[in-house]
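Give me coordinates for this.
(one chain, ligands or ions: 2)
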Amino acid sequence: MRFLSNTDTQRNEICNAMKPFDPRPLVRHSKPDIAIDSHLPPATASDKIAFAFVKLLRFFADRFFAKRYGHRAVVLETVAAVPGMVGGLWQHLTALRKMRDDDGWIRTLLDEAENERMHLMTFIEIAQPNWFERYLIVAVQLVFYNFYFFLYLLAPRTAHRVVAYFEEEAVYSYTQYLAEVDAGRHDNIPAPQIAIDYWQLPANARLRDVILAVRADEAEHRDVNHFFVSELDSRKAHRPLEGQTAP
Ligand SMILES: [Fe+2]
Ligand SMILES: [Fe+2]
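Ligands and ions are numbered 1, 2, ... in the order given. Sure, this is the predicted structure:
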């Protein structure tokens, strides 16, 4: 029997064994042509609840961060990276229980989580959270992870709508951040290397280029999550009633 220990040789062996799993660097192909100003008006009661919930959180975020967009991005990206992982987990469990294909949902949701984590890794190079914000991140994660876990279990449609409306707000916030940079009220500093590598930006890219890339990602998440809601609606509409066979 082989016991794991922390010897350097064993650690190197394990690290080398992990590399072939996926040796590619993390990169993102941004969509510069994606529609930015897009809003889906809430139609159903659950849409209206999702919309009101997101607007309430936006109100508190605006009061707390005001125009400190770098800090806002760091704190809120720690929250934004949660739903994709939770949704991916639930879709994975559902595919196992129902023994059916996931139609690409799991990878899409995990990709969203990874993408949001890269937003965080980028903005942490631009703004350092203060000690209060660090405690806030821990507290919010504790509450939000559990909230979203049960929301997805009980009402996946509303959960995706909440994320879609979060993303609409994220697009709006990054547009405001861009306006601050363009007006010269925020230094257009050189882009962090991690952002240049991830979005494959030119070597002389600046903060403005990073914000444009991040905003396009948020717009994509918005569209994907609104699409997931439509998919759930259409599956429900076409599902045969209990006890009846499909024609
Ligand atoms: Fe993000
Ligand atoms: Fe996002």
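
close enough to count as contact, A61 and R72?
Yes. Between A61 and R72 there is a contact under CB atoms under 8 Å: 6.8 Å. No exception for glycine: its C-beta is placed from N, CA and C like everyone else's.

Residues of this protein that sit close to ligand 2?
Counting by CB under 5 Å from the ion, the chain comes close to ligand 2 at A80, E167, E218, H221.

Can you pick out the residue with more neighbours from A61 and R72?
Shown here are A61 and R72; by other CB atoms under 10 Å, R72 has more neighbours (22 against 16).

Do you know the pLDDT at the closest residue to ligand 2 within the chain?
The chain approaches ligand 2 most closely through H221 (3.7 Å), counting by CB to the ion. If you check H221, the pLDDT there is 97.

P41 too?
96.

Correct me if wrong, but it is in a strand.
No. The assignment for P41 (DSSP: H, G, I helix; E, B strand; the rest coil) gives coil, which keeps it out of a strand.

so how many other residues sit close to it?
Neighbour number of P41 under other CB under 10 Å is 7.

After the lowest-mean-pLDDT helix or strand in the chain, which helix or strand is next?
Among the helices and strands of the chain, helix 8-18 carries the lowest confidence by mean pLDDT, DSSP states H and E, at a mean of 81. Sequence-wise, the next helix or strand downstream of helix 8-18 (DSSP states H and E) is helix 45-65.

following that next one, which helix or strand comes up?
According to DSSP H and E, the helix or strand after helix 45-65 is helix 69-98.

Using JSON lines, lay out the residues of the chain next to ligand 2 together with neighbour count and secondary structure.
Shown next, in JSON lines, are the residues of the chain next to ligand 2 (neighbours: other CB atoms under 10 Å; DSSP: H, G, I helix; E, B strand; the rest coil):
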{"residue": "A80", "neighbour count": "23", "secondary structure": "helix"}
{"residue": "E167", "neighbour count": "25", "secondary structure": "helix"}
{"residue": "E218", "neighbour count": "25", "secondary structure": "helix"}
{"residue": "H221", "neighbour count": "24", "secondary structure": "helix"}
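
what phi and what psi does the backbone show at P190?
phi -60, psi 150 (degrees, to the nearest 10).

hang on, it packs against D209?
No. The criterion here is CB under 8 Å, and P190 misses it with D209 at 9.9 Å.

So for these two, which sits in the more crowded spot?
D209 (19 against 15).

thinking again about what came up before, correct me, but the residue of the chain closest to ligand 2 touches E114?
No. Using CB under 8 Å, H221 is not in contact with E114; the gap is 11.7 Å.

before we move on, the earlier item: and which of the residues of the chain next to ligand 2 is nearest L96?
For those, the residue nearest L96 by CB to CB is H221; the value is 25.2 Å.

Identify the residue spatially nearest to that closest one, adjacent ones excluded.
E167 (4.5 Å; CB to CB, 6 or more residues apart in numbering).

Kindly report the residues of the chain close to ligand 1.
E77, A80, E116, H119.

from those residues, which is closest to F132?
For the residues of the chain next to ligand 1, the nearest to F132 is E77 (17.3 Å; CB to CB).

What sits closest to A191 if chain neighbours are left out?
A191 sits nearest to A205 (CB to CB, 6+ apart), 4.0 Å away.

check contacts around the residue of the chain closest to ligand 2.
Neighbour list for H221: E112, N115, E116, V163, A164, E167, A170 [criterion: CB atoms under 8 Å, 6 or more residues apart in numbering].

Could you rank the residues you listed by neighbour count and give me the top one?
V163 (30 neighbours).

Please identify the buried residues of the helix or strand where it lies?
V163 belongs to helix 156-182 when assigned by DSSP H and E. Buried residues in helix 156-182, counted by 16 or more other CB atoms under 10 Å: 156-174, 177-178, 181.

Any idea how far it is from the middle of the chain?
10 Å (CA atoms, centre = their mean, to the nearest Å).

No further queries at this time; thank you.
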